[in-house]
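Colleague: only the shape, not the letters, is given here:
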């Protein structure tokens, strides 16, 4: 068999394997060594190709696609430093458990580590951040090699989306010539042989342990459920039923998907972050038992509160991925069990609670905190970040998705995104909480969700400005709300803010960039918001906007800090009063 | 001792150690965990701080600083994916042997791998790409700990700039609170204790081996010296003297620094890339012995030529870093010896050759190739890349530095940058030959060299557009010549160019970006060149330009390809005629 045929069947076998395993999207960055895979991806009828020149943005774009679709997404680049640009997204995918299949073309063995151009050591390039690494054989002919390529692809997809989803890395050493055969269809010869189907298992615990936990719950009147970042289809319903039966309020992180939807939210507490800044609350709202799901919640007051009760409360952490997500070392039982299964099975066994005192105490505080937040916000007339986020939350069209930048935006969402019926989906990169790659991740998500709003600060926007090219090239509809305080706003909340000039140099880092030029570079529609009505109108119109829209809100770092501080003081005062008084309900 | 004092002395000790080891520059990306190091760097009187928000650009900027200064440069970022953004530059530094000291702030041990925010596994983050990795102890008080911090810094600097220069990684787990004491000077207490000086050795070989080599040279009338990418102060003089004594022409890569300067260039061949495309040349210009220095030369015809003589010629590769830079497996002797030392010591022993036939044969071909190139270029009237590079080369002001982008620009420089007296320094990232980070690397180099021109294609310019912020923030003087063929020009030279639509989608990747908007975003002066006179005027003016200047040359990929092909055909025809005729001189 000639070389081109060998190369084609081998590469087509791998791609067919990916398609059979349910991969529907690949993000490709241009390069020469990756030619056979790139050209054959274009030919596959079930796989959509997105070109993305900057590999860093490409990988984050794929991360967004995978998060939004729940399916593994492949990324492909050429040999050399190209793949190293994937690293930030690989780490984020690893920590946030998102299925990515990283395909890197490589120089063949004889060109490794001998000073050949664009040849770097790609073996285990991403270290311990990938769930699986395979250095593929050089293409060879024969049915057995096609099957090897195909099963490797199926295995890659399976591992990436298995018990603990995350990135996998498959490295392809390839020799020239690199152009595959495209006509007739290269997939004809690789579709006929048998393949393993994969049945993915999930973790469960023995019934005896459920019984023990059920007994603990019966004895604990004052219980809380904490839901951090978790996005699994049937989980909200399951956890809400469990909460109801146990009479335990759910402290629901904005990324728990429990704050918005058509389900009943009478067990959902959304303002614990504000409440738990009050001294009185930290005393009077203490639980005896905590059941926690998902990633670490955004709220620092919640962390401190939970840490403060480690001596007195049982604390169960349930993790379907078998991880150890307990930075404060407060768990008394680490439970490796699928979260939805856990809720359902425990609910079946659990005793129904009828005393509503505990629940009412929490909901009384929650109502008061929200009222203070709402009335305080009314008093703000000039453009300011907190109120901006509050207005955005109130104005979002139903069925919207909001991708939230790290640092301040996610914290502001925690404060201002209250329970509602609008079925809003919130997303963010909370694996490593980086400000990098956020624009691209949101664009990837926007392929699957519309309307999509990205709420982002200026440093994070700047960091991944290259990501905007995808919007232009793939005609993606996205509304970017840019909170521009010209620098690192979150640092103003830290002690180093006292250090004047050095602070502004090292932490403030104002760039003075006029982002309208960036908008023009990428053919975006651009609006600078000058008052609150502008903002509301812009958001309402956004639902039907086509293409890339950038809504910039210019704010002031010093003012933001002051507003936040005043707000927290007012809430704390109210909560202290409430909990000191008798009328607790 | 209180915590702030402990933290301050420990961190200040490390920074003082770096300063003592000759580190004069640090590039810092903003973050919270890195606070003590960042704030103390600002306080150190001998270290210049450059803030750079995008860590990927920051690391490449540092790479440029280090390449241009020859000194190790430190980079500092916070915990999380920030450090992963360094990865492309770390690989480039590793392969191109540039001293970088990577400092990463980390969460303390108890927050590792437990789902804590912004905590990733930073141990050995860069795998085998760093020469040394150290996970520092948490700050502790006492003279011994200060000395530990200080000697670790000295060791980091020493390893990074030792026998095989490259990146080192020092990871700093740090607990809150993170603000150091700044007044009175934090360096007072850490400057008084004794420290090791470092005497760096270099490789040399025994005199018996020099004698053997000298004998080989005496026997080989037809010898060549090949100089790839090498930039060591006294090397040009040493290798030129050796070449003269041996009567061996030097095939000098554009990055050998041998094509421009006030030294005699009567042994320097600059058009071998064009010459060696001729069949006749590959036969008649065969050497019996090759002595090769530096990284892999850019020229592919040269590679093929050298590969073609592996059976018949002795091939010595000299590498002062003890590496194995021989992708074609053509060396008959790998010599681990400092390059300048090798040239000097061999010259002392070598026999002077008086027969100039061999040398004249090569120089005759070289003259003819250059003449064809020059007259062909005259015939091009419309804007085109080859002629653009040729005009740039002729117009560059004396003492300029040119940072050259990878892909096409470096290849065009190989063709059009001929020997001259203008003392032009050429730089490029030829470790992994990436198109990433080139803008930032050039800006780092521009801090030390002026005037500096960056010659770059549009995809590479786009890839590191964020790098431009450094020009704005640090008021760096740079002239960027942007060869804009709207996509991946080099791919048109490959076989996949036959594939029409798929080719344009996967390889052509036109972005359609109007870079004038990017210029406005970064307050650049922007010129679009419309004819050859425009180009000459822009370059002449550039020597005295302040700040960021972008000169865009719009070109056409299809036309570029045609011009290159025609040019190579004309040169080959001329060289074939010359070598077939009798008048060979």
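Modeller: Structure received. These numbers come from a predicted model, not from an experiment.

Colleague: quick one: list the elements packing against the helix or strand that contains residue A:208.
Modeller: Per DSSP states H and E: residue A:208 is located in helix A:207-219. Judged by 3 or more CB pairs under 8 Å, 6 or more residues apart in numbering or on different chains; DSSP states H and E, helix A:207-219 is in contact with strand A:333-335, helix A:339-349. Where C-beta positions appear, they are placed from N, C-alpha and C, glycine not excepted.

Colleague: mind redoing it with 6 Å?
Modeller: Applying 3 or more CB pairs under 6 Å, 6 or more residues apart in numbering or on different chains; DSSP states H and E, one finds that helix A:207-219 contacts helix A:339-349.

Colleague: so residue A:58 is in contact with residue A:27, correct?
Modeller: Yes. Applying CB atoms under 6 Å as the test, residue A:58 and residue A:27 come out as touching, 4.8 Å apart.

Colleague: now do the shared contacts for those two.
Modeller: Shared contacts of residue A:58 and residue A:27, defined by CB atoms under 6 Å, 6 or more residues apart in numbering or on different chains, comprise A:52, A:75.

Colleague: now the strands: where do they sit in the stretch 301-450 of chain A?
Modeller: With DSSP state E, counting those that start in this stretch as the criterion, the stretch 301-450 of chain A has strands at A:314-318, A:333-335, A:401-404, A:425-428.

Colleague: mind listing what the third one pairs with, with the direction of each?
Modeller: Sheet pairing here is set by DSSP bridges, and for strand A:401-404 it gives strand A:425-428 (parallel), strand A:452-457 (parallel).

Colleague: count of neighbours near residue A:253?
Modeller: 30 (other CB atoms under 10 Å in any protein chain shown).

Colleague: need the pLDDT of it.
Modeller: Listed pLDDT for residue A:253 reads 98.

Colleague: flag every buried residue along stretch A:339-356.
Modeller: Residues of stretch A:339-356 classed as buried: A:339-347, A:350, A:353 (neighbour count, 16 or more other CB atoms under 10 Å in any protein chain shown).

Colleague: list just the nearest of the residues you listed to chain B.
Modeller: residue A:339 (14.7 Å; CB to the nearest CB).

Colleague: tell me who's in contact with that closest one.
Modeller: For residue A:339, the contact set (CB under 6 Å, 6+ apart) comprises A:235, A:293, A:318, A:320.

Colleague: tell me which two in those residues are the farthest apart.
Modeller: Greatest spatial distance among the contacts of residue A:339 (CB to CB): A:235 and A:318, at 10.6 Å.

Colleague: what about the two, which has more around it?
Modeller: The neighbour count for residue A:235 versus residue A:318, taken as other CB under 10 Å, is higher for residue A:318 (27 against 23).

Colleague: apart from its chain neighbours, what residue comes closest to that one?
Modeller: With CB to CB, 6 or more residues apart in numbering or on different chains as the criterion, residue A:318 has its nearest non-adjacent residue at 4.6 Å, and that residue is residue A:335.

Colleague: got the contact list for the closest residue in space to residue A:396 that isn't next to it in sequence?
Modeller: Spatial nearest neighbour of residue A:396, excluding adjacent residues (CB to CB, 6+ apart): residue A:424 at 5.7 Å. Taking CB under 6 Å, 6+ apart, we find residue A:424 in contact with A:260, A:396, A:400.

Colleague: looking at those, state which has the most neighbours.
Modeller: Going by other CB under 10 Å, residue A:260 tops the contacts of residue A:424 with 28 neighbours.

Colleague: nearest residue to that one in space, please, no chain neighbours.
Modeller: Closest residue to residue A:260 apart from its sequence neighbours, by CB to CB, 6+ apart: residue A:424 at 4.2 Å.

Colleague: what lies in contact with the worst-scoring helix or strand of chain A on mean pLDDT?
Modeller: Least confident helix or strand, chain A: helix A:500-503 with a mean of 85, by mean pLDDT, DSSP states H and E. Contacting residues not belonging to helix A:500-503 are listed as A:496-497, B:39, B:42 [CB under 6 Å, 6+ apart].

Colleague: how about TSV for the residues you listed, with pLDDT, secondary structure and neighbour count added?
Modeller: Formatted as TSV, the contacts of helix A:500-503 follow (pLDDT from 0 to 100; DSSP: H, G, I helix; E, B strand; the rest coil; neighbours: other CB atoms under 10 Å in any protein chain shown):
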residue	pLDDT	secondary structure	neighbour count
A:496	87	helix	20
A:497	88	helix	17
B:39	97	helix	25
B:42	96	helix	19
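
Colleague: determine which two of the residues you listed are furthest apart.
Modeller: Farthest-apart pair in these is A:497 and B:42; separation 15.2 Å (CB to CB).

Colleague: can you pull the residues of the stretch 1-150 of chain A lying near chain B?
Modeller: Within the stretch 1-150 of chain A, the positions near chain B by CB under 6 Å from any CB of the partner chain are A:30, A:32, A:35, A:38-39, A:42, A:51, A:53-54, A:80-81, A:84-85, A:87-88, A:91, A:111, A:114-118, A:120, A:127.

Colleague: could you see whether chain B lies near the lengthiest helix in chain A?
Modeller: The residue-count maximum for a helix in chain A (DSSP state H) belongs to helix A:557-580. No. Using CB under 6 Å from any CB, we find that helix A:557-580 stays clear of chain B, coming within 13.0 Å at best.

Colleague: buried set for that helix?
Modeller: A:557, A:559-561, A:563-564, A:567-568, A:570-572, A:574-575, A:578-579.

Colleague: what helix or strand does residue A:251 sit in?
Modeller: strand A:250-252.

Colleague: so which elements touch that strand?
Modeller: Judged by 3+ CB pairs under 6 Å, 6+ apart, strand A:250-252 is in contact with strand A:223-227, strand A:268-269.

Colleague: give me the residues contacting it.
Modeller: By CB under 6 Å, 6+ apart, the list of residues contacting strand A:250-252 from outside reads A:225-227, A:243, A:258-259, A:267-269, A:272.

Colleague: now, among the residues you listed, which is nearest to chain B?
Modeller: Taking CB to the nearest CB as the measure, chain B lies nearest residue A:226 of the contacts of strand A:250-252, at 12.8 Å.

Colleague: okay, the closest one: pLDDT?
Modeller: Residue A:226 carries a pLDDT value of 98.

Colleague: and it, what does it touch?
Modeller: With contacts taken as CB under 6 Å, 6+ apart, residue A:226 has the following neighbours: A:251, A:290, A:292.

Colleague: apart from its chain neighbours, what residue comes closest to it?
Modeller: Once flanking residues are discounted, residue A:226 sits nearest to residue A:292: 4.2 Å by CB to CB, 6+ apart.

Colleague: a helix runs through that neighbour, doesn't it?
Modeller: No. Using DSSP: H, G, I helix; E, B strand; the rest coil, the assignment for residue A:292 is strand, not a helix.

Colleague: and it, bridged to which residues?
Modeller: When bridges are called by DSSP bridges, residue A:292 pairs up with residue A:226, residue A:317.

Colleague: correct me, but it touches residue A:313?
Modeller: No. Residue A:292 is not in contact with residue A:313 according to CB under 6 Å; the separation is 11.1 Å.
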